[in-house]
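Asker: okay, sequence plus prediction incoming.
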Amino acid sequence: MRKAGLFGIVAALAVSLAGFSTPSQAETGAVAVIFTKGGLIVGVGGGEGVLTLRGKHYPFTVSGMSVGFTIGASTTKLVGRAFNLKGPGSIEGSYSVAGAGGAIAAGAGGVQLQNGNGVILQLSGPKVGAELSAAVGGVTIRLK
């Protein structure tokens, strides 16, 4: 019985240590973006941003286009979170509107976007300028 008892303790210890050695693969980072957009019918925009992950800063560029009804120009300063990151490189890619995210009226903008890597950006912030838009589009992010 002594061998069986000792074996049970060693097995339980191995199982509990294995549970501690499996870190979560997905991480969350902070994101700040400045995006300028303008157009008539077709809206085109671009900007820059920074991903902060594990205390390091990763600058990136943002480009995008929307097709539909767009008149005017605006600059939006967005801040928020990037979810489901598997390292800084997973933020790269083409993003489209995810779920029911969309524009928030009254001079503020808010959006939830998702890329093919499963990264979800939840961003919000003030919009400066005059733009009227009923367009569908997406953005592309590339690390610098």
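Answerer: Nice, thanks for sending it over.

Asker: quick one, helices of this protein?
Answerer: Along the chain, counting by DSSP state H, helices occupy 2-20.

Asker: which residue ranges of it form strands?
Answerer: 27-53, 56-85, 93-97, 108-115, 120-143 (DSSP state E).

Asker: which of the ones you listed sits most buried?
Answerer: Mean neighbour count (mean count of other CB atoms under 10 Å) peaks for strand 108-115 among those, with a mean of 19. For glycine as for every other residue, the C-beta is placed from the backbone atoms N, C-alpha and C.

Asker: packing partners of that strand?
Answerer: Counting contacts by 3 or more CB pairs under 8 Å, 6 or more residues apart in numbering; DSSP states H and E, strand 108-115 packs against strand 56-85, strand 93-97, strand 120-143.

Asker: quick one, that strand and strand 56-85 angle?
Answerer: 70 degrees (axes from the mean of the first three to the mean of the last three CA atoms, to 10 degrees).

Asker: okay, now the sheet partners of strand 108-115, with direction.
Answerer: If you go by DSSP bridges, strand 108-115 pairs up with strand 93-97 (antiparallel), strand 120-143 (antiparallel).

Asker: rounded mean pLDDT for the longest one, please.
Answerer: Strand 120-143 shows an average pLDDT of 73 in the prediction.

Asker: what pLDDT does the residue nearest to residue 62 when sequence neighbours are not counted get?
Answerer: Closest residue to residue 62 apart from its sequence neighbours, by CB to CB, 6 or more residues apart in numbering: residue 47 at 4.6 Å. pLDDT for residue 47: 88.

Asker: can I assume residue 47 is in contact with residue 34?
Answerer: Yes. Shown here, residue 47 and residue 34 form a contact pair, counting by CB atoms under 8 Å, at 4.9 Å.

Asker: could you check how far the residue nearest to residue 53 when sequence neighbours are not counted is from residue 74?
Answerer: Using CB to CB, 6+ apart and skipping the chain neighbours, the partner closest in space to residue 53 is residue 29 (3.8 Å). Noted for residue 29: a distance of 25 Å to residue 74, by CB to CB, to the nearest Å.

Asker: residue 82 pairs with what?
Answerer: Bridge pairing for residue 82 - DSSP bridges - gives residue 29, residue 121.
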